[in-house]
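Novice: Quick one, structure for this:
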Amino acid sequence: MLLYEGGYMHKDLHANNIMVSPTTKEYFTLMGKKVPYFGIQLSAIDYGDVMHQKFGIPYMRMKRHFIENKYLYLMTEMFKDCLFQLHIMNYEKMILECDKKKKKLPWESDSYYLHKGLKQIFINYPEFVEKYKETYLKSFPKGRELFDYVQSQIRTSNQYIFPMIVNKENDLYFMHVLDRLEMRFALEHPEDYKKIMGWCSEPEFILPKKDVIEIMELNTPNKIVKYLLSKI
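Specialist: Below is the predicted model of the structure:
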């Protein structure tokens, strides 16, 4: 959050860019609350892709998102790339399971695995989409028009979801709804998620289901941080 307040974005937050170091410090203070270290300090590393307007932002779509609403873009890095995949969905364990079984990772087998998987959710699980879409559109209402468009066209379109919405107004809001639908599907249908996404094992969420559901309904970085601090 400090990076974003200064106008920067890391752009490459994932499990391998989190350094784990021993520390003798007892705690740090965040939003007025003392957070214990438990002997371990986590730090983001690898700032080779860091972006700031003063450096120039090479990707037009990314530049538009970051300039229009940097905190919404922070939610993208914070929610899916770091918080959910690393700390809640136990993404690294799924990767290790493929490694143990000497099987390819989903993106090694098919670079379009995510595109195909998300389309399958819309086409083969319409009841699921209908049941949960309003929950996340309530959190990101600006994504409704694009969501309705995708839902109405996806069965007959020869495109995947991303090409249908790229560079359209409010596409990032739509993506936040889509991310949450994907995570909710993994939570409610882990075996099906494993199958359609090409994983070697089912996702194993490390938090209670109730907490996972509550986090998915939060729509700002501050709300997420405050929620997590409330659990300490």
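
Novice: What is the neighbour count of residue 113?
Specialist: 17 (other C-beta atoms under 10 Å). Where C-beta positions appear, they are placed from N, C-alpha and C, glycine not excepted.

Novice: actually residue 28, not the one I wrote
Specialist: A count of neighbours around residue 28, defined by other C-beta under 10 Å, yields 12.

Novice: cool, residue 161 as well?
Specialist: Residues lying near residue 161 (other C-beta under 10 Å) number 22.

Novice: Repeat that for the one 4 residues further on.
Specialist: Neighbour count of residue 165, defined by other C-beta under 10 Å: 20.

Novice: Contacts only, for it.
Specialist: Neighbouring residues of residue 165 by C-beta atoms under 8 Å, 6 or more residues apart in numbering: 146, 149-150, 171, 174-175.

Novice: Of the residues you listed, keep whichever come out buried.
Specialist: 146, 150, 171, 174-175 (16 or more other C-beta atoms under 10 Å).

Novice: Make JSON lines out of those residues and add pLDDT and distance to residue 83.
Specialist: Shown next, in JSON lines, are these (pLDDT from 0 to 100; distance: C-beta to C-beta, whole Å):
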{"residue": "146", "pLDDT": "96", "distance to residue 83": "23"}
{"residue": "150", "pLDDT": "96", "distance to residue 83": "25"}
{"residue": "171", "pLDDT": "89", "distance to residue 83": "21"}
{"residue": "174", "pLDDT": "94", "distance to residue 83": "19"}
{"residue": "175", "pLDDT": "90", "distance to residue 83": "15"}
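
Novice: could I get those residues as TSV with distance to residue 88 and secondary structure?
Specialist: Formatted as TSV, the buried ones among the contacts of residue 165 follow (distance: C-beta to C-beta, whole Å; DSSP: H, G, I helix; E, B strand; the rest coil):
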residue	distance to residue 88	secondary structure
146	26	helix
150	25	helix
171	24	helix
174	22	helix
175	18	helix
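
Novice: could the residues you listed go into JSON lines alongside distance to residue 41?
Specialist: Output for the buried ones among the contacts of residue 165, formatted as JSON lines (distance: C-beta to C-beta, whole Å):
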{"residue": "146", "distance to residue 41": "40"}
{"residue": "150", "distance to residue 41": "42"}
{"residue": "171", "distance to residue 41": "36"}
{"residue": "174", "distance to residue 41": "36"}
{"residue": "175", "distance to residue 41": "32"}
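
Novice: Residue 102: which of those residues is nearest?
Specialist: Using C-beta to C-beta, residue 175 comes nearest to residue 102 of the buried ones among the contacts of residue 165, at 33.4 Å.

Novice: pLDDT score assigned to the closest residue in space to the closest one that isn't next to it in sequence?
Specialist: Closest residue to residue 175 apart from its sequence neighbours, by C-beta to C-beta, 6 or more residues apart in numbering: residue 76 at 7.1 Å. We note a pLDDT of 76 for residue 76 in this prediction.

Novice: again, but for the one 5 residues further on
Specialist: With respect to pLDDT, residue 81 has a value of 67.

Novice: need the contact list for residue 133.
Specialist: Shown in contact with residue 133 (C-beta under 8 Å, 6+ apart): 147, 151, 177, 181.
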